[in-house]
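# Here's my sequence, what's the structure:
(one chain, ligands or ions: 1)
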Amino acid sequence: MFEYHAPDNLLENKIILVTGAGDGIGRAAALSYAAHGATVILVGKTIEKLDKVYDEIEAAGGPKPAILPLNLETATEHDLIDITNTLDKEFGHIDGLLHNASVLGIRTPIESYDPVTWQQVMQVNINTPFLLTQTLMPLLHRSENASIIFTSSSVGRKGRAYWGAYSVSKFATEGLMQVLADEVENTANIRANCINPGATRTKMRAYAYPGEQPETNPEPGEIMPLYLYLMGKDSQDINGQSLDAQ
Ligand code: NDP
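A predicted model of the protein is given here:
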């Protein structure tokens, strides 16, 4: 496990957007960022799940979060500009962007991979995250010290049979991060990195590995040290890296 002990006030006064904040690793990141002082913008598809996370943050005494429902599969450029304008009016800037939401698609050989599913996976996992990053850049530039985190996977570093569009989308995620990181290298205030969470006890993991005992993998809350490290000031010189949470 990545070792880092975050001070309680690590993210005080920070505004951090988390995609897929209603479940799994994104939910744990939203709770953890709020517990360390951040105002978290909860972005996701299922509003009831976002509401629950909102209530959990409030019950724990964290800063009042915001909810922005967004389906990454169907969102248009116009929707993302609307979201950016809302955030601009409300906060004026953002300090953190965690691209976490993803879908697995199907596990099947390339030869028979359903093209419609291919497009859906690429839309959720890479195309919309690209557009969201692009529209949010002006708000990130206004931060004193902004961190953009993309979520990768081991199959985004080495291709594996039958992982199809998911694997390819994670290679593209690593590529997007590297290109962006190189572009912001000389801007003192923005950095971009990837996290590979490693096997983690979530719905996606259970779906990908139905034969596995869930207890063999850590819970999302246990892999948060790297998520905190890369979002906080202790990593301000880290840019263009792909790091393992476990
Ligand atoms: P989960 O399936 O548990 O959670 C995925 C999250 O993404 C949910 O909040 C889901 O929202 C959201 N989401 C899915 N589709 C959309 C969409 N169209 N629009 C908006 N939000 C959407 O996955 P994990 O927590 O396991 O995965 C988190 C990240 O970690 C992913 O990027 C995944 O690829 C990566 N990862 C996970 C590993 C693991 O072992 N768990 C290993 C390696 C990488 P909703 O519930 O509303 O559908």
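# nearest residue to the closest residue to the ligand within the chain other than its sequence neighbours?
Nearest residue of the chain to the ligand: residue 24, at 2.2 Å (Cβ to the nearest ligand atom). C-beta here means a position set from N, CA and C on the backbone, and glycine is covered the same way. Once flanking residues are discounted, residue 24 sits nearest to residue 202: 3.6 Å by Cβ to Cβ, 6 or more residues apart in numbering.
# so how far is residue 214 from the spatially closest residue to residue 181 that is not a sequence neighbour?
The spatial neighbour of residue 181 that comes closest, neighbours along the chain excluded (Cβ to Cβ, 6+ apart), is residue 240 at 3.4 Å. To residue 214, residue 240 is 34 Å away according to Cβ to Cβ, to the nearest Å.
# more crowded one of these two?
Each of residue 240 and residue 214 has its neighbours counted (other Cβ atoms under 10 Å); residue 240 has more, 16 against 12.
# Assign that one to helix, strand or coil.
Here residue 240 is recorded as coil under DSSP: H, G, I helix; E, B strand; the rest coil.
# What residues does it make contact with?
177-178, 181-182, 185, 191-193 (Cβ atoms under 8 Å, 6 or more residues apart in numbering).
# If you count contacts, what does whatever helix or strand residue 30 lives in end up packed against?
Of the helices and strands defined by DSSP states H and E, residue 30 is found in helix 24-35. The helices and strands touching helix 24-35, judged by 3 or more Cβ pairs under 8 Å, 6 or more residues apart in numbering; DSSP states H and E, are strand 15-19, strand 39-44, helix 47-59, strand 96-99, helix 224-231.
# Give me the angle between it and helix 224-231.
60 degrees (axes from the mean of the first three to the mean of the last three Cα atoms, to 10 degrees).
# Report the contact partners of residue 123.
Contacts of residue 123 by Cβ under 8 Å, 6+ apart are 72-73.
# picking that back up, inside strands: which ones of the contacts of residue 240?
Cross-referencing the contacts of residue 240 against strands under DSSP state E gives 191-193.
# Most neighbours among the residues you listed, which one?
residue 192 (28 neighbours).
# Contact partners for that residue?
Neighbours of residue 192 in contact, by Cβ under 8 Å, 6+ apart: 147-150, 177, 180-181, 184, 239-240.
# one step back: if we only consider the contacts of residue 240, which is nearest to residue 142?
residue 191 (15.3 Å; Cβ to Cβ).
# That closest one and residue 235, how far apart?
Taking Cβ to Cβ, one finds residue 191 at 7 Å from residue 235.
# Are we agreed that residue 67 is in a strand?
Yes - membership of residue 67 in a strand is supported by three-state DSSP.
# Now do the contacts for it.
41-42, 47, 50-51, 54.
# make it 6 Å
Shown in contact with residue 67 (Cβ atoms under 6 Å, 6 or more residues apart in numbering): 42, 50, 54.
# Ok, residue 31 next?
Contacts of residue 31 (Cβ under 6 Å, 6+ apart): none.
# now the contacts of residue 240 as JSON lines including pLDDT?
JSON lines is the format used below for these (pLDDT from 0 to 100):
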{"residue": "177", "pLDDT": "98"}
{"residue": "178", "pLDDT": "98"}
{"residue": "181", "pLDDT": "98"}
{"residue": "182", "pLDDT": "97"}
{"residue": "185", "pLDDT": "94"}
{"residue": "191", "pLDDT": "98"}
{"residue": "192", "pLDDT": "98"}
{"residue": "193", "pLDDT": "98"}
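# of those, closest to residue 28?
Taking Cβ to Cβ as the measure, residue 28 lies nearest residue 193 of the contacts of residue 240, at 18.3 Å.
# Grab the nearest non-local neighbour of that closest one.
residue 241 is the one closest to residue 193 (Cβ to Cβ, 6+ apart), at 4.8 Å.
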